[in-house]
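[1] Below is the sequence, then the predicted model.
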Amino acid sequence: MEIQKDLLEPLLRRFTKYVSIDSQSNSQNADNGIMPSTENQWVFARTLLEEFKSLGIIDAELDGNCYLLARLPATPGKEESLTFGLCSHIDTSGEAPGSAVKPQFHKNYDGRPIILRDGFSIDPKSDSDLASCAGRGDTIITSDGTTLLGADDKAGIAGIMTMLEYLISHPEIPHGPVEILFSPDEETGHGMDKVPLDRIRSKAFYTVDGGQEGELEIECFNAWKCDLMFTGIAAHLGTARGKMVNALTMAASFISALPQQESPETTDGYEGYFCPLEAEGTIEKARVSVLLRDFDRANMEARLDRIDVIARGIEARFPGGKIKVARSQQYLNMKEKLEAAPHLLSRLQEAAGRAGVETYLKPIRGGTDGSRLTEMGIPTPNIFTGGHNFHSRTEWASLLQMGSMVGVLIELVKVWGEQ
Ligand SMILES: [Zn+2]
């Protein structure tokens, strides 16, 4: 696609600038209700607010919780078109070092392994996505190996900004109004806790937060967490026979009774799992938390029941010991609600087709801000960004794939304006 070529230079310039600004979030702070969880997210959000203004977008506001909401107005005659939104997150993951990112540019990538510092490397032999970038004149961007890159989700933000600049400098292209939401703390799972629903006008959004070129996501896990409290009976160890019930032994028995073949490390695709996440305790009391994941709602019910059945079985083996199970829902598969609004996906596929990008659907083995928004009544599929190996020091991005994302976003705005 011709327009993409002109856009690659500003796209790369923006991306480089954004990844160089620290915006790592902090899960502990976020769990304690601090929003945003880190001060540096403000710095990045203010930078983006300034950029909206310099692009000529006056309707842009950064609220007290670090949500940045901006609107691209419709072109004359298109004011009545439906508003839709695009969403990316400003924070980067806390799972790898994320400050002082030094982006490296592997120009004209030829398919050789990319060697980073600290013994890290990315080998196209074991990374077919990277192998597919070789010999196309692509630029691969990585960190220097001491940090993550931050393509998650700065590739998405750079893509949206570049799309806006293109449409603003081409006023002859008709389009309806578009809302842009840049949110904090997605990586902590609290990204939509304080989303300003009262200010959002769109009935539909797309998150721009995916991976490989062409990948579109309309379904994610159903996610529940079970917290189990084991109560034993303490006694002097010298005279414990027939009296003591060890809560730790009960907890360990419970964990080993979970099906090993249904764990994150033994499943992929559409398979669900149980994952013991944390355990602590003493002889008297022990606590275990377990994550449950499944794409299918009925299967999730069965998984919840299975936790109860295993717990009752352990109780029977340890007379006098007690187990209490507390369940909490974390997020739900957005598929049902997205299938009730099929135009979201069909417009996205139409846009990708016009941009010359072949698409495919992939289930997300996790949740996104989009799954939370979908639950809140704003159906939100996810669009690829061209970023890969998220949350790690071997994270990388393909400039050509990022360019394809911009192409799709431009066409998507046009398609929505035609309705
Ligand atoms: Zn992300």
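    All right, it came through fine. Values in this document were obtained by computation on a predicted structure and should not be read as measured data. Numbers count the residues shown, from 1 in each chain.

[2] Residues of the protein that sit close to the ion?
    Asp152, Asp153, Asp209 (CB under 5 Å from the ion). For the C-beta atoms, the positions are set from N, CA and C on the backbone; glycine is no exception.

[3] closest to Pro113 among those residues?
    Nearest to Pro113 among the residues of the chain next to the ion: Asp152, at 22.2 Å, using CB to CB.

[4] is it true that that closest one lies in a helix?
    Yes. Per DSSP: H, G, I helix; E, B strand; the rest coil, Asp152 lies within a helix segment.

[5] if I pick the residue lying closest to it once chain neighbours are set aside, what's in contact with it?
    Excluding its sequence neighbours, the residue lying closest to Asp152 (CB to CB, 6 or more residues apart in numbering) is Phe390, at 4.0 Å. Residues near Phe390 by CB atoms under 8 Å, 6 or more residues apart in numbering: Ser93, Leu148, Ala151, Asp152, Gly211.

[6] Kindly report the same for Leu400.
    Leu8, Cys133, Arg136, Gly137, Asp138, Thr139, Glu213, Gly386.

[7] Spell out the residue ranges of the helices in the chain.
    2-19, 27-31, 40-54, 128-131, 151-169, 247-257, 297-317, 335-339, 343-354, 369-375, 399-417 (DSSP state H).

[8] Verify the contact between Met229 and Glu284 for me.
    No. Met229 is beyond contact range of Glu284, at 11.2 Å (criterion: CB atoms under 8 Å).

[9] Phi and psi next, for the residue positioned nearest the centre of the chain.
    Centroid check for the chain by CA atoms, centre = their mean gives Thr368 as the closest residue, at 4.3 Å. Reported as degrees, to the nearest 10, the phi and psi values for Thr368 are phi -130, psi 170.

[10] how much space between it and Thr83?
    In this view, Thr368 and Thr83 are 21 Å apart by CB to CB, to the nearest Å.

[11] give me every residue that touches the nearest residue to Gly191 once chain neighbours are set aside.
    Nearest non-adjacent residue to Gly191, counting by CB to CB, 6+ apart: Asp369, 4.5 Å away. For Asp369, the contact set (CB under 8 Å, 6+ apart) comprises Cys87, His89, Ser183, Glu186, Gly191, Met192, Thr207, Asp209, Thr380.

[12] ok, and the closest non-adjacent residue to the residue in the stretch 1-150 of the chain that the ion sits nearest to?
    Going by CB to the ion, the ion is nearest to His89 of the stretch 1-150 of the chain, at 5.6 Å. Distances taken as CB to CB, 6+ apart place Glu186 nearest to His89, at 3.5 Å, with adjacent residues excluded.

[13] Contact partners for Pro196?
    So Pro196 contacts Asp63, Asn65, Tyr67, Leu69 (CB under 8 Å, 6+ apart).

[14] Mind doing that once more with 10 Å?
    Going by CB atoms under 10 Å, 6 or more residues apart in numbering, Pro196 touches Glu61, Asp63, Gly64, Asn65, Tyr67, Leu69, Leu181, Ser183.

[15] got a list of what the closest residue to Lys5 other than its chain neighbours touches?
    Nearest non-adjacent residue to Lys5, counting by CB to CB, 6+ apart: Gly403, 7.7 Å away. By CB under 10 Å, 6+ apart, the residues touching Gly403 are 1, 3-8, 11-12, 138, 159, 162, 213, 355, 386.

[16] any chance you could read off phi and psi for the nearest residue to Glu187 once chain neighbours are set aside?
    Using CB to CB, 6+ apart and skipping residues adjacent in sequence, the residue nearest Glu187 is Ser93, 4.5 Å away. The phi/psi pair for Ser93 (degrees, to the nearest 10) reads phi -70, psi 150.

[17] any idea how far Pro103 is from Ser93?
    The gap separating Ser93 from Pro103 is 16 Å, by CB to CB.

[18] now Thr139
    For Thr139, the distance to Pro103 - CB to CB - is 11 Å.

[19] neighbour-wise, which of those two wins?
    Per other CB atoms under 10 Å, whichever of Thr139 and Pro103 has more neighbours is Pro103, with 20 against 17.

[20] so that one touches Arg13, yeah?
    No. The criterion here is CB atoms under 10 Å, and Pro103 misses it with Arg13 at 11.4 Å.

[21] dump the residue contacts of Arg327.
    Trp224, Lys225, Cys226, Asp227, Leu292, Leu304, Ile307, Asp308.
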